[in-house]
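Student: missing the sequence, but the structure's below:
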Ligand SMILES: NC(=O)c1ccc[n+]([C@@H]2O[C@H](COP(=O)([O-])OP(=O)(O)OC[C@H]3O[C@@H](n4cnc5c(N)ncnc54)[C@H](OP(=O)(O)O)[C@@H]3O)[C@@H](O)[C@H]2O)c1
């Protein structure tokens, strides 16, 4: 049985949905059911669910708010993973911990490798980098899976914001000088379920991996794709205007280059990610056809 923390997030809900469709035993606990920074809550969850594999999909993900809520970001992204890793070490369980492109500063020319040194430029990025370190330090049998630009039919994300704006605005201004790979939480869930049995069986597969969709775009390219696909259903096509990061100031700095090199993951686990356009098109169509369908799968 796979035990997931952060069950009501984008990834947590997709893990529940994909596991159910594959007949895989998985239990996802919401933040209210188990806070990962609470030792007693984590111990009780282990005792109740008796997992053989643990996934940490929980995180403090409010990137801009984190700049002024440093303690909250550290609790969710550093102390929480440390508590989980300790509990897994005590119980002899492997942990798959999800991390982010925001551990890098984005100044690299080309895609980031797993061996590149983290150099975060935001509170969120620093807290996630510290969480990775806590997991590495505490638990040998772990996988740290870094991903980027996550969206889903569930929760709040860029794709859903663009659909909402496209329904009401004639112009949407979107940053066109940050590069990355929009990645469906569903594809991350598929990837996690694919690798979990081999990681559980073979400790030598542990370590840090990058997993995103294939191909690279900008937030502007991502938005244009969403608007075009939605327009074929709704007949509304606002202009998507490219702007520079400096024209859209935010409390937290974002990496200009978020590209993650995923070749190690592909080579090790023999799973090739879909191109970002394929999954974006599918999610956009699903939401544009049925905007109210994305109710929570986790109660
Ligand atoms: N979203 C992205 O673009 C992105 C990009 C790269 C990497 N990632 C990483 O991918 C993973 C999944 O992200 P996501 O997009 O699914 O995030 P999400 O939708 O924000 O979900 C995170 C979940 O974690 C829960 N949570 C927060 N603090 C917790 C705690 N202390 N204990 C237990 N649960 C807690 C949240 O519950 P509440 O809402 O109730 O607090 C929320 O349900 C995270 O590790 C994130 O850092 C995300």
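Tutor: Arrived safely, thanks for sending. Since we're looking at a predicted model, the values are computed, not measured. Residues are numbered from 1 along each chain as shown.

Student: dig out what the residue of the stretch 101-250 of the chain found nearest the ligand forms beta bridges with.
Tutor: Going by Cβ to the nearest ligand atom, the ligand is nearest to residue 150 of the stretch 101-250 of the chain, at 3.5 Å. Yep, even glycine has a C-beta here, placed from its N, CA and C like the rest. Beta-bridge pairing for residue 150 (DSSP bridges): residue 183.

Student: that one is in contact with residue 157, isn't it?
Tutor: Yes - with contact defined as Cβ atoms under 8 Å, residue 150 reaches residue 157; the gap is 6.8 Å.

Student: now do the shared contacts for the two.
Tutor: By Cβ atoms under 8 Å, 6 or more residues apart in numbering, residue 150 and residue 157 have these common neighbours: residue 10.

Student: the two: which is more packed in?
Tutor: residue 150 (24 against 18; other Cβ atoms under 10 Å).

Student: residues in contact with the residue of the stretch 101-250 of the chain closest to the ligand?
Tutor: Contacts for residue 150 (Cβ under 8 Å, 6+ apart) come out as 10, 11, 157, 183, 184, 185, 188.

Student: now, which of the residues you listed lie within strands?
Tutor: Using DSSP state E, the subset of the contacts of residue 150 located in strands is 183, 184.

Student: which one of the contacts of residue 150 is nearest residue 279?
Tutor: residue 184 (3.9 Å; Cβ to Cβ).

Student: what about that closest one, how many residues close to it?
Tutor: Counted with other Cβ under 10 Å, residue 184 comes out at 26.

Student: identify the residues contacting it.
Tutor: By Cβ under 8 Å, 6+ apart, the contact set of residue 184 is 14, 150, 151, 152, 213, 274, 279, 280, 282, 283.

Student: just those residues now: which is nearest residue 21?
Tutor: Residue 21 lies nearest to residue 14 out of the contacts of residue 184, by Cβ to Cβ, at 10.5 Å.

Student: pLDDT score assigned to the closest one?
Tutor: Listed pLDDT for residue 14 reads 98.

Student: and what about it, helix, strand or coil?
Tutor: Here residue 14 is recorded as helix under DSSP: H, G, I helix; E, B strand; the rest coil.

Student: that one and residue 239, how far apart?
Tutor: Separation of residue 14 from residue 239 (Cβ to Cβ, to the nearest Å): 32 Å.

Student: between these two, which one's more packed in?
Tutor: Per other Cβ under 10 Å, whichever of residue 14 and residue 239 has more neighbours is residue 14, with 26 against 11.

Student: you'd agree that one is up against residue 186?
Tutor: Yes - at 4.7 Å, residue 14 and residue 186 qualify as touching, with contact defined as Cβ under 8 Å.

Student: what do the two both touch?
Tutor: residue 152.

Student: number of residues surrounding residue 263?
Tutor: Residue 263, neighbours per other Cβ under 10 Å, totals 11.

Student: ok, residue 13 next?
Tutor: 28.

Student: tell me which stretches of the protein form helices.
Tutor: Along the chain, counting by DSSP state H, helices occupy 10-22, 39-49, 70-74, 80-91, 123-138, 158-168, 185-201, 219-234, 263-269, 276-289.
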